Structure formats: C-alpha cells, structure tokens
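In: Sequence plus the predicted model coming up.
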Amino acid sequence: MGSRNSPGLRTVDVGRRAGCSVQQVRNLERDGVLPPAARTAAGYRVYDESHVSAALAYRALATGTGPVEAKRIMRAVHAYPRSNLLALLD
C-alpha cells in the first residue's frame, strides 16, 4: 500500500504485489506495458490497482507467449479498441 502521506501505490508496492522488482516495474512502464503513472509534485511515481493488474497480466502472458509477444499484447491493450485487441489475441 502507499505511504500514510500519499494516496496510491509506490513502485515497490506494485512490484511486491505483482512479484517483480522495482526496476522491472519501471521498465514495464517505460515499455508501455503499464499505463503511465501519475507523478507527485516531487516527481515520484504514483500507481493504482490498474498498474498491478497490468503487471500481473503481463507476467501471465509472458509465461504463455514469451516476454516480447506479451509486451506487444499489453501495449495493444492500452492503444487499440477492444475489437482490435480481441483480433490480436485470436
């Protein structure tokens, strides 16, 4: 969970809940697998449950399709209409 003074989740919180490192969470955001995180006035990332869900979905997809294809699918989740996404998954 986030700290007492800030709403939302920190990078470490997302990593712990998704079973990955802090650096991997940052990399997944950079690569478009996670939606962009909000930032505090001081520049710290603030995540929410959608980021945890996206990280967990990526890990599950990567197990079945490999990391490259999983990243492609997750970027499509954020970029395309649902009908196009379903065609990609098919």
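Out: Received, thanks.
In: any weak-confidence spans in this structure?
Out: 1-6 (pLDDT under 70).
In: all strands of it, in order?
Out: Under the criterion DSSP state E, the chain contains strands at 38-39, 45-46.
In: now the last one, how far from the chain's geometric center?
Out: This points to strand 45-46. On the basis of Cα atoms, centre = their mean, to the nearest Å, strand 45-46 sits 12 Å off its chain's mean C-alpha point.
In: hmm, who's touching that strand?
Out: Applying Cβ atoms under 8 Å, 6 or more residues apart in numbering, the contact partners of strand 45-46 are 2, 6-11, 26, 29, 37-40. All C-beta atoms are positioned from the backbone trio N, CA, C, and that covers glycine.
In: Specify which member of the residues you listed is nearest to residue 86.
Out: Taking Cβ to Cβ as the measure, residue 29 is the one of these closest to residue 86, at 24.6 Å.
In: what's the distance between that closest one and residue 89?
Out: Distance of residue 29 to residue 89, computed by Cβ to Cβ, to the nearest Å: 22 Å.
In: So if I had to pick from the two, which one is more boxed in?
Out: Set side by side, residue 29 and residue 89 show more neighbours around residue 29, with 20 against 11, by other Cβ atoms under 10 Å.
In: circling back: buried among the contacts of strand 45-46? Need that as a selection in PyMOL.
Out: This is how PyMOL selects the buried members of these, with burial counted by 16 or more other Cβ atoms under 10 Å:
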select buried, resi 8+9+10+11+26+29+37
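In: Just flag the most distant two among the contacts of strand 45-46.
Out: With Cβ to Cβ as the measure, no two of the contacts of strand 45-46 lie farther apart than 7 and 26, at 20.0 Å.
In: Name the residue closest to the centre of the chain, please.
Out: For the chain, the residue sitting closest to the mean C-alpha position, by Cα atoms, centre = their mean, is residue 34 at 2.8 Å.
In: mind listing which of the contacts of strand 45-46 are in helices?
Out: 11, 26, 29 (DSSP state H).
In: How about the contacts made by the second one?
Out: Spelled out, it's residue 26. Residue 26 sits in contact with 11, 45, where contact means Cβ under 8 Å, 6+ apart.
In: Show me what counts as buried in stretch 64-81.
Out: Buried residues in stretch 64-81 (16+ other Cβ under 10 Å): 70-71, 73-74, 76-77.
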